[in-house]
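1. Take a look and give me a structure for this.
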Amino acid sequence: MRRSEVGTERIEGPRGCHASEFDEVMALINDTFRAGIDQDIRTDYPLVFNEAKLDLMRILKVDGKVIAHVPIAPREVVAKEDAFTIGIISPTITHPDYRKRGYATRCLWDCVRIMEEEGWPVSVLWTLEATFPFYQQAGWEAVGSQGLTYWLDPADKERFDVGSFEVQCFDPSNSTHIDLVAGVHDAEPYHIRRSAEDYKALLILPKITTFLTNASDERAYLVYGEATNKPGLIEGGGDPAALEALVGHILREHASETIQAWVNLSPSAIASLLETKSPGSSRPVEHSKGAGHQMMRVNRLTLLLERIQNHLGEKGSNVDGEVSIECEELGECVTIAFADGSVDLSSRKGNNVISLTQRQVAQLIFGGHDSLEPLVLPPQAKEILDRLFPYYFPIWGLDHS
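-> Sure, this is the predicted structure:
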């Protein structure tokens, strides 16, 4: 346990939250992020705020009072043949009377330490543009849009045929329902790996309704939210006709409303359906309610590239050549070499070297936010890297926190 004295203040932390402090932390967060609405941060994000994850809730106390908190939540991404763990930074808070003293920054860096020790190569968060500098000073960078939003007006219900499907509401006590949703989601080539307990918690979030069809060969599910942080159609999948019926069902149930639908940039059944029905009508997800701007931090470049090596091999299948990415802040140099249809990663420094800051590495791999100056790369390196990046992976709406 770390304690220090700053002036007359007795500082403790950053450290993990104790069970006796849990309610105090929840009250601190709710006073800022849930003031005036009938939602609670604990039930909105049950996979982040629970007593099994206390050690990932990093707090700092002053004179015995919790005044800063930054939680981190690991989620496992599956992207075709690749898989890796990301660390999601959830609501970051400092008590109003203690801001601008670096307390939340100390908690944030403690989360970085945990990610590095655990080998989580990437961190993700969502925030407002005004808070970019706070996260940028710790290595995060705002990235290009990672999703799309479709807006479905009342008239759009005619585009979605409900057919003769029997629509049911998800029942968390029904193991068949859990198996159906898990089977459909896990069959997506790009998905988040979840346990049965994860599904039970996520599919009954406050102001969330999950619908499904359970025909033997035409199974689908669709999640509809009316929560401030998760509004609209936030996740779905399955047989195209059955999924279409579920969209049609929701549009008819909410016949006078305009409903937003979030989709990832990686391929999915729901993205394919919405683009087929409303071609070219999507907008970047940042324009939708509840989304926020995405920021990314590359914690370990070599580890990340190793984890997406199948992606690199697929995108670089017609490439012959190599490029070295050097980042002094990360203490890494990685050479990506292509020859005869294969890809090789090594720590040697080749002849075609680009030197980037940690934030520029995130910009290179995940695309740059509109507020950033575009990266200027040497032509030979640019030709190779433009084939590989930006790289998109899914973080479904249910997993946002």
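
2. what does stretch 146-163 contact?
-> 232-233, 241-242, 244-245, 247-249, 251-252, 255-265, 271, 274, 277-278, 281-285, 287-288, 291, 294, 366, 392, 395 (C-beta atoms under 8 Å, 6 or more residues apart in numbering). Any C-beta I mention is one placed from the backbone N, CA and C, and that applies to glycine too.

3. Below-threshold pLDDT in this structure: ranges please.
-> Within the chain, the ranges that satisfy pLDDT under 70 run 1-7.

4. In it, where's the longest strand?
-> With residue count as the measure and DSSP state E as the assignment, the chain has strand 65-79 as its longest strand.

5. Now do the buried residues in that one.
-> Within strand 65-79, the residues scored as buried using 16 or more other C-beta atoms under 10 Å are 66-75, 77-79.

6. Send me that strand as CSV with only the CA atoms.
-> Taking Å, rounded to 0.1, in the frame of the first residue of the first chain, the C-alpha atoms of strand 65-79 are listed here in CSV:
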residue,chain,number,x,y,z
LYS,A,65,-11.5,9.8,1.2
VAL,A,66,-11.7,8.3,-2.3
ILE,A,67,-11.1,11.2,-4.6
ALA,A,68,-9.9,9.6,-7.9
HIS,A,69,-10.7,6.3,-9.7
VAL,A,70,-9.8,4.7,-13.0
PRO,A,71,-11.1,1.2,-13.7
ILE,A,72,-9.7,-1.2,-16.4
ALA,A,73,-11.7,-4.1,-17.9
PRO,A,74,-10.1,-6.8,-20.1
ARG,A,75,-12.0,-8.1,-23.1
GLU,A,76,-10.8,-10.8,-25.5
VAL,A,77,-11.2,-9.9,-29.2
VAL,A,78,-11.5,-12.6,-31.8
ALA,A,79,-10.8,-11.4,-35.3
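
7. Parallel or antiparallel, which strands does it pair with?
-> strand 57-62 (antiparallel), strand 82-89 (antiparallel), strand 93-94 (antiparallel), strand 190-193 (antiparallel) (DSSP bridges).

8. can I get those strands in CSV with distance to Ala362 and mean neighbour count?
-> Compiled in CSV, those are given as follows (distance: least, C-beta to C-beta, whole Å; neighbours: other C-beta atoms under 10 Å):
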stretch, distance to Ala362, mean neighbour count
strand 57-62, 22, 24
strand 82-89, 13, 20
strand 93-94, 24, 22
strand 190-193, 20, 19
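
9. Out of those strands, which is closest to Arg300?
-> Nearest of the strands paired with strand 65-79 to Arg300, taken as C-beta to C-beta: strand 82-89 at 10.3 Å.

10. which other residues reach the closest one?
-> Contacts with strand 82-89, where a contact means C-beta under 8 Å, 6+ apart, come from 48, 70-77, 108, 111, 114-115, 118-125, 135, 193, 299, 303-304, 307-311, 395, 399, 401.

11. quick one: the helices in the chain?
-> For the chain, applying DSSP state H gives helices covering 22-33, 41-44, 103-118, 132-136, 175-187, 196-202, 240-253, 269-277, 301-307, 309-315, 358-366, 379-388.

12. Let me have these in CSV, extended by distance to Gln146.
-> Compiled in CSV, the helices of the chain are given as follows (distance: least, C-beta to C-beta, whole Å):
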stretch, distance to Gln146
helix 22-33, 22
helix 41-44, 21
helix 103-118, 19
helix 132-136, 16
helix 175-187, 18
helix 196-202, 19
helix 240-253, 22
helix 269-277, 13
helix 301-307, 16
helix 309-315, 15
helix 358-366, 7
helix 379-388, 17
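
13. just these: most buried one?
-> Mean neighbour counts were compared across those using mean count of other C-beta atoms under 10 Å; the top stretch is helix 358-366, at a mean of 23.

14. now for that one, which elements pack on it?
-> With contacts defined as 3 or more C-beta pairs under 8 Å, 6 or more residues apart in numbering; DSSP states H and E, the packing partners of helix 358-366 are strand 141-142, strand 293-298, strand 321-327.

15. elements contacting the first one?
-> Other helices and strands packing on strand 141-142, by 3+ C-beta pairs under 8 Å, 6+ apart, are strand 293-298, helix 358-366.

16. got JSON lines for those, with distance to Ser173 too?
-> Below are the helices and strands packed on strand 141-142 laid out as JSON lines (distance: least, C-beta to C-beta, whole Å):
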{"stretch": "strand 293-298", "distance to Ser173": "35"}
{"stretch": "helix 358-366", "distance to Ser173": "40"}
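
17. For the buried residues of strand 65-79, give me JSON lines that also has distance to Phe338.
-> Below are the buried residues of strand 65-79 laid out as JSON lines (distance: C-beta to C-beta, whole Å):
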{"residue": "Val66", "distance to Phe338": "51"}
{"residue": "Ile67", "distance to Phe338": "51"}
{"residue": "Ala68", "distance to Phe338": "46"}
{"residue": "His69", "distance to Phe338": "45"}
{"residue": "Val70", "distance to Phe338": "39"}
{"residue": "Pro71", "distance to Phe338": "40"}
{"residue": "Ile72", "distance to Phe338": "35"}
{"residue": "Ala73", "distance to Phe338": "35"}
{"residue": "Pro74", "distance to Phe338": "32"}
{"residue": "Arg75", "distance to Phe338": "30"}
{"residue": "Val77", "distance to Phe338": "24"}
{"residue": "Val78", "distance to Phe338": "25"}
{"residue": "Ala79", "distance to Phe338": "20"}
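
18. Going by distance to Ala142, which of the residues you listed wins?
-> Out of those, the member with the shortest distance to Ala142 (by C-beta to C-beta) is Val70, at 18.2 Å.

19. ok, back up a step: for Leu385, which of the strands paired with strand 65-79 is the nearest?
-> The minimum distance between Leu385 and the strands paired with strand 65-79 falls on strand 82-89, with 18.1 Å, by C-beta to C-beta.
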